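From the sequence below, what's the structure:
(one chain, ligands or ions: 2)
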Amino acid sequence: MSDSTAGAAVSEASLPADVAVRFREAAKIYDNGVQALAALDLDIRRGEFVSLLGPSGCGKSTALRLIAGLSRPSSGTVQVAGRPVAAGGRAIGFVFQEPTLMPWASVLDNVRLPLRLARMARADADSRARDALARVGLADFADVYPRELSGGMKMRVSLARALVTDPDILLMDEPFAALDEITRFRLNNDLMALWRSLRKTVVFVTHSVFESVYLSQRVVVMTPRPGRVSAEFRVVAPEPRLEAFRTSASYAAQCREVSAALARASGEGTT
Ligand code: ADP
Ligand code: MG
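Ligands and ions are numbered 1, 2, ... in the order given. Just a heads-up that it's a prediction; the model follows:
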């Protein structure tokens, strides 16, 4: 999944204490000449829940891979919580649209995998994996196999696996896009409850206006490829944000505003 593009050196300068991720003029041109990102400028605060919203192909996944250190910017810099992203480590959890579970392994073994790779002792890893499963509501499913789970439950396992290393930053790439609406809404609520209790930095990629406004503190609207920031919205919502927000006039108004910004942004693309 990583690519070999030799990029500008990632800046080693330390970030302000409240900044988790900083993009500065971060552009990405792939080896085949496709320019995915054009000079992305963005700060993400520690503990913030941010959505990147934009049309398919605008570079959202590319931006997440830059944060994860799986790819390097062609120019500009991407800094993650004071350390060079290339250093890797366990500071980041990644959740994809596909749960990517090992079918031959139990739920517990799937969730324990990152700890096994980090060579954590079995008993410790076991108890952490069980804690992570409990957090996503699957305490009773440790011993079942992925084929016995619904799509929503597989996604919960994937989320537990991302949380098991206790990462500072959780990257989520259209995690609920393949789920039915009821399951999606439930996972939205559970994700927010998790975020309220864990207060991790979450960077959530979606092309759904409704999902971005429902979940995030801030919505970053991107232009079509090559992606850059077109507009930003701070979502105003009651705290804690509960299901009632979804049917409120304020939510509808903010969705309209973000939709309009997205439509404007799509007029700004160069391709
Ligand atoms: P999004 O997640 O917003 O749909 P991506 O970041 O996946 O967008 O992709 C942005 C653009 O870069 C697309 O045109 C895509 O085809 C291209 N792209 C993505 N990954 C690669 C790659 N590894 N090599 C070449 N082009 C790529
Ligand atoms: Mg994508």
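
got the end-to-end distance for stretch 95-108?
Using C-alpha to C-alpha, to the nearest Å, one end of stretch 95-108 lies 17 Å from the other.

how about it against ligand 1, any contact?
No: using C-beta under 6 Å from any ligand atom, stretch 95-108 never reaches ligand 1; the gap is at least 10.0 Å. From N, CA and C alone the C-beta is placed, and that goes for glycine too.

Quick check: buried residues in that stretch?
For stretch 95-108, burial by neighbour count (16 or more other C-beta atoms under 10 Å) applies to 95, 96, 97, 99, 101, 106, 107, 108.

distance of the fifth one from residue 153?
Yep, that's residue 101 we're talking about. 10 Å (C-beta to C-beta, to the nearest Å).

which residues does residue 144 contact?
Counting by C-beta atoms under 8 Å, 6 or more residues apart in numbering, residue 144 touches 106, 107.

What pLDDT does the model give it?
On the pLDDT scale, residue 144 is placed at 98.

Now do the strands in the stretch 101-250 of the chain.
Ranges of strands in the stretch 101-250 of the chain, per DSSP state E, counting those that start in this stretch, are 169-173, 201-206, 218-222, 229-234.

could those strands go into CSV alongside distance to ligand 1 and mean neighbour count?
Below are the strands of the stretch 101-250 of the chain laid out as CSV (distance: least, C-beta to the nearest ligand atom, whole Å; neighbours: other C-beta atoms under 10 Å):
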stretch, distance to ligand 1, mean neighbour count
strand 169-173, 7, 23
strand 201-206, 7, 25
strand 218-222, 8, 24
strand 229-234, 13, 16
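
okay, those in CSV with mean pLDDT next?
Formatted as CSV, the strands of the stretch 101-250 of the chain follow (pLDDT from 0 to 100):
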stretch, mean pLDDT
strand 169-173, 96
strand 201-206, 97
strand 218-222, 97
strand 229-234, 96
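
Of these, which is nearest residue 181?
strand 201-206 (13.9 Å; C-beta to C-beta).

Including distance to residue 37, could the strands of the stretch 101-250 of the chain go into JSON lines?
Below are those laid out as JSON lines (distance: least, C-beta to C-beta, whole Å):
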{"stretch": "strand 169-173", "distance to residue 37": "15"}
{"stretch": "strand 201-206", "distance to residue 37": "13"}
{"stretch": "strand 218-222", "distance to residue 37": "9"}
{"stretch": "strand 229-234", "distance to residue 37": "10"}
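
Show me which residues of the stretch 101-250 of the chain are close to ligand 1?
residue 225.
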